[in-house]
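Asker: Dropping the sequence and predicted coords here.
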Amino acid sequence: MEGVKIIALNRRARFDYVVEETLECGVVLVGSEVKSMRMGKVSFPDGFAVFERGELWLRNVHISEYSYSSIFNHDPDRPKKLLAHAMELKRLKRRVEEKGYTLVPLDFHFRKGRVKVELGLCKGKKYADKRESIKDREVKRDLARAFREHRK
């Protein structure tokens, strides 16, 4: 992607969930949060998005306090409002209300200087699915190793 700088990835999300659809949303932040994000001080291993009063909110995302700020720093664990078009929100709300679906942040990135989050509409994987993912990954790794050795 051109003009996009990745801040943080949620690698665990693609292992724990089947991502059926993705959506890029804007995030309402205060100045010290943006500065902390520029330094990569964000953690969201168990983050999720939830609908409240018709708005989309991001929960369990920790943005560390900006170390060079004054006493007027932000609350690191406050819920963050997400920005998206009304039609997208309506469609997502219908999908999330189905059994087993949740909205999980897949990554945070800058696009044209603005912080964006990529949300994934996810369904949880079963234990057998996770084992299958591990097996597929190991097969790919073995194939790549065999090709490398064959080239030598």
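Answerer: Okay, I see it. Numbering: from 1, shown residues only.
Asker: so for stretch 116-124, what's the average pLDDT?
Answerer: Stretch 116-124 carries an average pLDDT of 87.
Asker: List the buried residues for it?
Answerer: 116-122 (16 or more other Cβ atoms under 10 Å). Using the backbone N, CA and C atoms, a C-beta is placed for each residue, glycine as well.
Asker: same deal with stretch 99-115?
Answerer: 101, 103-110, 115.
Asker: Redo the buried residues of stretch 116-124 as TSV? Include distance to residue 59.
Answerer: Formatted as TSV, those follow (distance: Cβ to Cβ, whole Å):
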residue	distance to residue 59
116	18
117	12
118	16
119	12
120	15
121	16
122	15
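Asker: need these in TSV with distance to residue 84 and secondary structure, can you?
Answerer: What follows is the buried residues of stretch 116-124, written out as TSV (distance: Cβ to Cβ, whole Å; DSSP: H, G, I helix; E, B strand; the rest coil):
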residue	distance to residue 84	secondary structure
116	10	strand
117	10	strand
118	12	strand
119	9	strand
120	14	strand
121	12	strand
122	17	strand
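Asker: returning to what we had before: looking at the buried residues of stretch 99-115, which are in helices?
Answerer: The helices, defined by DSSP state H, take in nothing from the buried residues of stretch 99-115.
Asker: Show me the two of these that sit farthest apart.
Answerer: 101 and 110 (28.0 Å; Cβ to Cβ).
Asker: Next, format the buried residues of stretch 99-115 as JSON lines and append distance to residue 88.
Answerer: As requested, those are exported to JSON lines (distance: Cβ to Cβ, whole Å):
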{"residue": "101", "distance to residue 88": "15"}
{"residue": "103", "distance to residue 88": "12"}
{"residue": "104", "distance to residue 88": "16"}
{"residue": "105", "distance to residue 88": "16"}
{"residue": "106", "distance to residue 88": "16"}
{"residue": "107", "distance to residue 88": "18"}
{"residue": "108", "distance to residue 88": "19"}
{"residue": "109", "distance to residue 88": "18"}
{"residue": "110", "distance to residue 88": "21"}
{"residue": "115", "distance to residue 88": "18"}
